[in-house]
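# Fold the following for me, if possible:
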Amino acid sequence: MVDELRARGVVGASVLDVGGGVGAIDIELLGAGAATATNVELSGGYEEEAARLLADRGLESRVERRVGDFVEGAARIEPADLVVLHRVVCCYPDEEALVGAASDRTGRLLALTFPRDRFVVRTAFRLANVVMRRLYDFETYVRPTAAVLAPAEARGLRVVREHEGLVWTLAVLER
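Prediction:
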């Protein structure tokens, strides 16, 4: 994902990373020349490690971290040149709302990774959900590529790169 964005130009860009965990992608894009990053993460459990990683690299002043539901707070988040959803579409119950809100915040490029809609992947995710529902009250979703990308395309973004790996699909869309 980082290489695909870097190839399309990140120097001076603002980044919005939705569900970015500790911010590894933010750090990589800032290292490649991005100017700033905003990381919106649902779980507060990443904040201590994220702060350490940013401090170790002297990037604290260039990254804003927010904890909360991105979809619920999207209207209060500034648009960014580059918007990233890395392995987060599969964890949100409403892909239309999530990808739509991310697309609305996208100035130039939207990059997403999500599970491939194929039998073996659906089966693996269903089995994992049995455990995750019981232990964590959490569920993952495998959706058709067209359903994931439709909200972005409806908002004027077009696919410029799509790659299907064994489990994950990468899509990069451009305004």
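
# Please, which helix or strand holds the residue nearest to the spatial centre of the chain?
Nearest residue to the geometric centre of the chain (CA atoms, centre = their mean): L85, 1.1 Å. In the assignment (DSSP states H and E), L85 maps to strand 80-86.

# got the CA coordinates for that strand in PDB?
Presented in PDB, the C-alpha positions along strand 80-86 are these (Å, rounded to 0.1, in the frame of the first residue of the first chain):
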ATOM      1  CA  ALA A  80      -6.700  14.900   3.400                       C
ATOM      2  CA  ASP A  81      -4.800  14.400   0.200                       C
ATOM      3  CA  LEU A  82      -4.400  10.700   0.900                       C
ATOM      4  CA  VAL A  83      -6.900   8.600   2.800                       C
ATOM      5  CA  VAL A  84      -5.900   5.100   3.900                       C
ATOM      6  CA  LEU A  85      -8.200   2.200   5.100                       C
ATOM      7  CA  HIS A  86      -5.800  -0.700   5.700                       C
END
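
# by how many degrees do the following helix or strand past that strand and strand 80-86 diverge?
Downstream of strand 80-86, the next assigned helix or strand under DSSP H and E is helix 95-104. For helix 95-104 against strand 80-86, the angle by axes from the mean of the first three to the mean of the last three CA atoms, to 10 degrees is 150 degrees.

# Give me the buried stretch members for the strand ranked longest in the chain, please.
Counting residues, the longest strand found in the chain (DSSP state E) is strand 106-115. The neighbour-count criterion (16 or more other CB atoms under 10 Å) identifies 106, 108-115 as the buried residues of strand 106-115. C-beta: built from backbone N, CA, C; applies to glycine.

# These: which two are farthest apart?
Maximum pairwise distance among these (CB to CB): 25.6 Å, between R108 and P115.

# tell me what the longest strand of the chain is packed against?
Judged by 3 or more CB pairs under 8 Å, 6 or more residues apart in numbering; DSSP states H and E, the packing partners of strand 106-115 are helix 2-7, strand 80-86, helix 95-104, helix 145-154, strand 168-174.

# what about the nearest residue to Y92 once chain neighbours are set aside, how many residues close to it?
Nearest non-adjacent residue to Y92, counting by CB to CB, 6 or more residues apart in numbering: L98, 4.5 Å away. Using other CB atoms under 10 Å, L98 has 24 other residues around it.

# Am I right that L98 is in contact with C90?
No: if you go by CB atoms under 8 Å, L98 and C90 don't touch, sitting 10.3 Å apart.

# could you measure the residue in the chain sticking out farthest from the centre against G45, distance?
The centre of the chain is farthest from one residue, R134, which by CA atoms, centre = their mean lies 25.8 Å away. With distances taken as CB to CB, to the nearest Å, R134 is found 20 Å from G45.
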